[in-house]
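Colleague: sequence and predicted model, in that order:
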Amino acid sequence: MHRFANPARFLRLSALIQPWAAAIAVACLAGGLYFALFASPADYQQGETVRIMYIHVPSAWMGLFCYTAMAVFSAMALIWKHPLADLMARASAPVGAAFTFICLVTGALWGKPMWGTWWVWDARLTSMLILLFLYLGYMALADAFDDPERGQKAAAILALVGVVNVPIIKWSVDWWNTLHQPASVVKMGGPSIDSTMMVPLILMAVGFKAYWVLVLILRTRAEIAAAKVRTLRMAQIHAAGQVEQA
């Protein structure tokens, strides 16, 4: 991984990946929305409200995926001192927080007609809300210190501690008796969902992943540019101080 620690090499590689990620995101999201809204059937119990699933479920997957990626980047930064890992963790956090928020909002919209309430302190819902707080805490902690390195180190530790919540979210419907339905896609024995519903789910999931790659590249490039600006400013301040001393 240290081969890609050089910012110049990362910028060259990301320039190649960026247009492909954008194309895949647009194609998959367009196809997924078409199948979700027009080509997939309404559920015999839930009716048309089942279409919320095609945003809700992939958003939930992305909330878990982005936090896991953020924790991996944080571990790389703490253990191997990978110079770009901190920047990529910071770049991933807002995207994951946005997907987690979308998951909670769409879950409330879906839960009202199905459960008769917008919110219950269900194990799955509560652990997902905790995930959103972890994202917000990470972003706040990263900017809470005057020294960016201290803030990023503290945020990385929080990311690693909070990753224990990811398996709790995944297995909460199996460990506790909850209102939330059990897994129907990723489970032992294969998915129990019909292919007409599986296709838009997979397309939306791939589209969201490609979108994450695209935003990760754009935000990391912006973080690299901002780091260069900070270095130049510090050099100017240091040079000005030396001139005054002379």
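Modeller: Done, it's in.
Colleague: spit out the contact partners of residue 31.
Modeller: The contact partners of residue 31, by C-beta atoms under 8 Å, 6 or more residues apart in numbering, come to 200, 203, 207. Heads up, the C-betas are built off the backbone N, CA and C, glycines and all.
Colleague: which residues in the chain form helices?
Modeller: Along the chain, the segments classed as helices by DSSP state H run 7-34, 53-79, 85-115, 123-142, 148-162, 165-175, 195-245.
Colleague: so which of those helices comes closest to residue 46?
Modeller: Evaluated over the helices of the chain, closeness to residue 46 peaks at helix 85-115, with 6.5 Å, by C-beta to C-beta.
Colleague: and the closest one, what's buried?
Modeller: 85-100, 102-104, 106-108, 110-111 (16 or more other C-beta atoms under 10 Å).
Colleague: swap in stretch 148-168?
Modeller: Neighbour-count burial for stretch 148-168 [16+ other C-beta under 10 Å]: 151, 152, 153, 155, 156, 158, 159, 162, 163, 165, 166, 168.
Colleague: ok, and what's touching that stretch?
Modeller: In contact with stretch 148-168 (C-beta under 8 Å, 6+ apart) are residues 64, 67-68, 70-71, 74-75, 77-78, 86, 89-90, 127, 130-131, 134, 137-139, 141-145, 230.
Colleague: and the gap between residue 196 and residue 53?
Modeller: 12 Å (C-beta to C-beta, to the nearest Å).
Colleague: of the contacts of stretch 148-168, grab the buried ones for ChimeraX.
Modeller: Typed into ChimeraX, the next command selects the buried ones out of the contacts of stretch 148-168 (criterion: 16+ other C-beta under 10 Å):
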select :64,67,70,71,74,75,77,78,86,89,90,127,131,134,137,138,139,141,142
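Colleague: need the pLDDT of the residue nearest to residue 107 when sequence neighbours are not counted.
Modeller: For residue 107, ignoring the flanking residues on the chain, the nearest one in space by C-beta to C-beta, 6 or more residues apart in numbering is residue 56 at 5.8 Å. According to the prediction, residue 56 has pLDDT 93.
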